[in-house]
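# Give me coordinates for this.
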Amino acid sequence: DGDDERPLVLPLALAEQAELLRVAVLGGGAWGTALAQMLASDPDHDGARDVLLWAREAEVVEDINANHRNTPFLPSADLAPSIRATGNLADVAQVDVILAVAPAQHLRSVLAQLPDFAGDLVICAKGIEQSTGALMSDVAKATCPQAKLAALSGPTFAHEVAAGLPAAVTLACEGGKDQW
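Numbering: from 1, shown residues only. So this is what the prediction gives:
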């Protein structure tokens, strides 16, 4: 009977711990913005979890911070006010969890600017690096060797995730269930 209780207790403990985690999304395109919106829309905490969203494009950073919108990449979404955008990767390096959503062909150059990041790095970019044939997990290991890797994957559409519609994704962690 004690075994029956363990699956219920573990998610509650993780949920409480997640409150304390500082989270950033690395990539201000449609998918990165949708993930930031999903993370910021936390119904257990009055719908407000602070999320930092890094974007390369200054106009995206300005639009998100001033208007709570990402007009160039996800125009249909009204974004949570708890999402703050930045163009400074040094800000991102200060968080506990990074969702890496930069396009596959740019992921190495972006992550290379965070070499000392030792938190959880969730790879959300799809594809293979064309110049090397490397998988995104190999790119992440090479550029952020101290990070604890995980990968998020699944059949989703950014505009549906941003709208809060049901979606199914899988999170695979290098550290297994002990990591998350």
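
# separation between the residue nearest the centre of the chain and residue 51?
What sits nearest the mean C-alpha location of the chain, by C-alpha atoms, centre = their mean, is residue 99, with 2.5 Å. Per C-beta to C-beta, to the nearest Å, residue 99 is found 9 Å from residue 51. Every residue, glycine included, has its C-beta placed from N, CA and C.

# and what of residue 73?
Counting by C-beta to C-beta, the gap from residue 73 to residue 51 is 16 Å.

# ok so, going back, give me the common contacts of residue 99 and residue 51.
Listed as contacting both residue 99 and residue 51 by C-beta atoms under 8 Å, 6 or more residues apart in numbering are 23, 24, 25, 39.

# ok, residues contacting the host helix or strand of residue 90?
According to DSSP states H and E, residue 90 maps onto helix 89-92. The contact list for helix 89-92 (C-beta under 8 Å, 6+ apart) reads 24, 26, 52, 54, 86, 98, 110, 113, 114.

# distance between the host helix or strand of the first one and the chain's centre?
Secondary-structure element containing residue 24, defined by DSSP H and E: strand 23-26. On the basis of C-alpha atoms, centre = their mean, to the nearest Å, strand 23-26 sits 5 Å off its chain's mean C-alpha point.

# Contacts for it next, please.
32-33, 35-36, 39, 49-54, 91-92, 95-102, 110-111.

# So which residues of this structure form helices?
2-20, 30-40, 58-67, 89-92, 104-111, 136-143, 158-162 (DSSP state H).

# Rounded mean pLDDT for the second one, please.
Okay, so that is helix 30-40. Confidence for helix 30-40, expressed as mean pLDDT, is 94.

# so who does residue 95 touch?
21, 22, 23, 24, 52, 119.

# Just the C-alphas of the helix holding residue 90, formatted as CSV.
The C-alpha coordinates for helix 89-92 follow below in CSV (Å, rounded to 0.1, in the frame of the first residue of the first chain):
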residue,chain,number,x,y,z
LEU,A,89,22.3,36.1,-22.5
ALA,A,90,24.0,37.0,-19.2
ASP,A,91,20.5,37.4,-17.8
VAL,A,92,19.6,33.9,-18.9
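
# So which bits of it are buried?
For helix 89-92, a neighbour-count test (16 or more other C-beta atoms under 10 Å) marks 89, 92 as buried.

# Distance from that helix to the middle of the chain?
Taking mean C-alpha positions (C-alpha atoms, centre = their mean), helix 89-92 and its chain are 14 Å apart.

# next one: stretch 155-166
The mean C-alpha position of stretch 155-166 is separated from the chain mean by 14 Å, C-alpha atoms, centre = their mean.
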